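**Student:** Sequence and predicted model, in that order:
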Amino acid sequence: MKKYTFRGGTHLHEHKETAGSATERLPEPASVSIPLSQHIGAPAQPVVKPGDTVRMGQVIGAVEQGLGCPVHASVSGTVKAIVTRRNAVGTPIQNVVIANDGQRLWDESIRARETGLQEATTEEIVEVIRQAGISGLGGATFPTYAKIQSAVGKAEAVIVNCAECEPYLTANHRLLLERGEIVLSGMEVVMHALGVKTGILAVEDNKPDAIAHLQERLKKRESLGRDADIRVAVMKTKYPQGDERQLVYALTGREIPAGKLPADVGCMILNAETAAAVSRAFWRGLPLVSRIVTVAGDCVRQPKNVRVPLGASVQDLIAFCGGLTQTPKKMITGGPMMGYALWDPETPVVKSTSGILLFSEAYDRINTLHSPCIHCGRCVAHCPMHLMPNYLAQYAMARDYDRAQEMDVMSCVECGTCSYNCPAGVEIVQYIRVAKGAIRAKAAALKAARQA
Amino acid sequence: MNQTNPQAAPMPELLTVSPSPHARRGVTTTRLMIDVLIALAPATLWGVAAFGPRAALVLLLSVASAVLFELLAQKLLRRPVTVRDCSAAVTGLLLGLNLSPDVPLYIPVVGAAFAIVVVKQLFGGIGKNVMNPALAARVFLMLAWTSGMTQFSEPFAYLSSGSVDAVASATPLASLKVGVMPTESLADLFLGKTAGCIGEVSTLLLLVGGIYLLARRVIGWQIPVSFLGTVALLTFVFPQGGADRLSFMAASLCSGGLVLGAVFMATDYVTSPVTGAGRLIYGCGCGLLVVFIRYFGGYPEGVSFAILIMNALVWYLDMLTKPRVYGKSRGKRREQNGGGTRKNRRGDDRKEGGQGA
């Protein structure tokens, strides 16, 4: 079988120990704290006040205009407070705190669809997805409706990203195995919205059971005789295969020009769980109020995949997974390569929380070796963007940001492959982030000066 | 919910927040240096077996003084002491392997001091040196103590002769220099039954070490292959001394420090390019210079000079062979709109021109 891949990248220690454990539902948490900004774009404004009774799926935060999506209650109960709390990257965000009554009562406005997919127009589908509050669940959290809108007339294929190339994470893998048909159905909805006949499910070859399961599903679907070309593409397991640039290149041989979107080269990319959310929103009218989170790491007693209502706290999740076996040093949201380190166990699970990883001091020791670059070239050989990260880091250290910019530092996607492979333990990506920040600040200052 | 497990470890008061990635491969500089030492072991053991306890003493002095000088220099310069990364030991061993077993015993000490203090630490320590420390020291010693550096005893002479004094012997390289095929058979040259520096004689065991480094992915194939390939090609096309092409080429490859240089010295990370293409050019350059110096230079051996000259070009080779960045066209660096393919940009320009017209 042909396996798709890209140039550069690296094979990581996978640690997909939770791949065999079926998704469990988190028992109803006592309360949830739902941030009103879980997406790229304008934060939602609260439309409920303390004391209000809310039901699951009821809108609690709305975006009047501009890019952004509404936020819904993930449990039924009473609004306790609206507080400001810092999110995983430290930005203060308004949170709606809801005391859970444990009844799981859905809002009455939620209705399953009565007509078929063929009757739906593009505008209608886009609006359903916007109302359902769906943003990219792979981690980038770009509002999905806007992504679809911008791809209308440009996309030639819809690609469902099931690569899940980060170590430890198996949430997408479990979703494909347990709810593969929903992922497929969400993909068809988006294909219909864009008038596209080609659909590709891109799965890394470390998930042979998921590949077989999807192919089985597709056979059944073909027996229904619908007229679209949907197939499973087997991707070589290599990080960062799940990055949309590498995914597009591997599947089509096209490169997304710097500063452009996948739609500009004819591709619409959806994360697997996003596709499932689209299907639920379209067919059953359900807004996005929960997601699957992989809880793993060497401090967790029973690593698991858990379906979690948005806003449930990380400590609820850890308690459900049997608690901690040893004192953690780091708590990561997302995968170990691109995830953020958290500092507060009360941090709520949000739309971008694909994993919660707890690592011990012993695990983290390999991250703390900081010695000078020895020019070995591993970062250059493995960079998926074909940059020279060693030089970028050196210019950043010397604060020669102009030279770093000449060497295309702005093309860096911060995937961390260079730092991962660095024998000297240089924090290459962090130096690059510093350079990018300085270059952006300079450009902003120039722009401001020009306008003044 | 929230049932507490009696054996559960507590969540600490403070968690560590640091930037991603939060995972590493776990291959460290120290591990790479140890791999190089392992790869050098067969040739080192052969050198000691062939040239006796004197060779062992030279190697020991060289390694020990390299490590000590590193420690001393870092203490004096108030830098963190990093002798545990084994890079000084590698430099010391390579220096010793590049010396004749018959050098005066101050030679390895002076050489190690020059390599570590002058070439490495004064330029900023590991990763900052411009030239390969062991090779720079060897060249320094050659120029300063020429006669001491060019006495070579026959292999296994220490077993038969009672005298410790060197049995002066012409190295195969010296024969090639005057246009005569070496007296040793090609098999002896390949196996290392010949006079020469401690670590350079056994081509076979050096290649074994090279294969280990390749298998462990410590080095890439580009530098050794292009270096040796260039020398092979040139000596095959332009043989000297009336010998047939093939045996002249084989003798050239197996003589002197060529294989030691191509596998272990030219591949030194700090002083070689980071790109595959850069490494190919660098290796070809080394090969070209070696043959040029061997054919026309004043010295019989050109490997040290060739590598040192190419060391100076590393930055330029890296920039020359900068890979084309994903999503960008080659050569378009300062783009105002931050991207787009060349085709797109041409299209944009045309549109703008059209509006102006």
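**Tutor:** Great, that's in hand.
**Student:** For stretch A:235-251, measure first residue to last.
**Tutor:** Start and end residues of stretch A:235-251 are separated by 9 Å (Cα to Cα, to the nearest Å).
**Student:** which of the residues in that stretch are buried?
**Tutor:** By neighbour count on 16 or more other Cβ atoms under 10 Å in any protein chain shown, the buried set for stretch A:235-251 is A:235, A:237-251. From N, CA and C alone the C-beta is placed, and that goes for glycine too.
**Student:** Repeat that for stretch B:96-109.
**Tutor:** Neighbour-count burial for stretch B:96-109 flags B:96-103, B:107-109 (criterion: 16+ other Cβ under 10 Å).
**Student:** returning to what we had before: let me know the closest of the buried residues of stretch A:235-251 to chain B.
**Tutor:** Nearest to chain B among the buried residues of stretch A:235-251: residue A:245, at 6.2 Å, using Cβ to the nearest Cβ.
**Student:** Within reach of chain B, which of the buried residues of stretch A:235-251 are there?
**Tutor:** Contacts with chain B within the buried residues of stretch A:235-251, counted by Cβ under 8 Å from any Cβ of the partner chain: A:245, A:249.
**Student:** Out of the buried residues of stretch A:235-251, name the ones that lie in strands.
**Tutor:** Counted as lying in strands by DSSP state E, out of the buried residues of stretch A:235-251, are residue A:235.
**Student:** Out of the buried residues of stretch A:235-251, name the ones that lie in helices.
**Tutor:** Using DSSP state H, the subset of the buried residues of stretch A:235-251 located in helices is A:244-251.
**Student:** For the stretch 151-300 of chain B, what lies in contact range of chain A?
**Tutor:** Residues of the stretch 151-300 of chain B found near chain A (Cβ under 8 Å from any Cβ) are B:220, B:269-276.
**Student:** in the stretch 151-300 of chain B, which spans are helices?
**Tutor:** Under the criterion DSSP state H, counting those that start in this stretch, helices of the stretch 151-300 of chain B are mapped to B:157-160, B:172-177, B:186-191, B:203-215, B:222-237, B:245-254, B:258-260, B:276-296.
**Student:** now for the ones you listed, which one comes closest to residue A:259?
**Tutor:** Closest to residue A:259 of those is helix B:276-296 (Cβ to Cβ; 27.0 Å).
**Student:** now the angle from the helix or strand that that closest one is followed by to helix B:276-296?
**Tutor:** Using DSSP states H and E, the helix or strand that follows helix B:276-296 towards the C-terminus is helix B:303-311. Inter-element angle recorded for helix B:303-311 and helix B:276-296: 140 degrees (by axes from the mean of the first three to the mean of the last three Cα atoms, to 10 degrees).
**Student:** what's the offset of helix B:303-311 from the middle of its chain?
**Tutor:** 10 Å (Cα atoms, centre = their mean, to the nearest Å).
**Student:** So which residues make contact with it?
**Tutor:** Helix B:303-311 has contacts (Cβ atoms under 8 Å, 6 or more residues apart in numbering or on different chains) with B:98, B:130-132, B:135-136, B:138-139, B:142, B:256-258, B:260-262, B:265-266, B:271-272, B:282, B:285-290, B:293, B:297, B:299.
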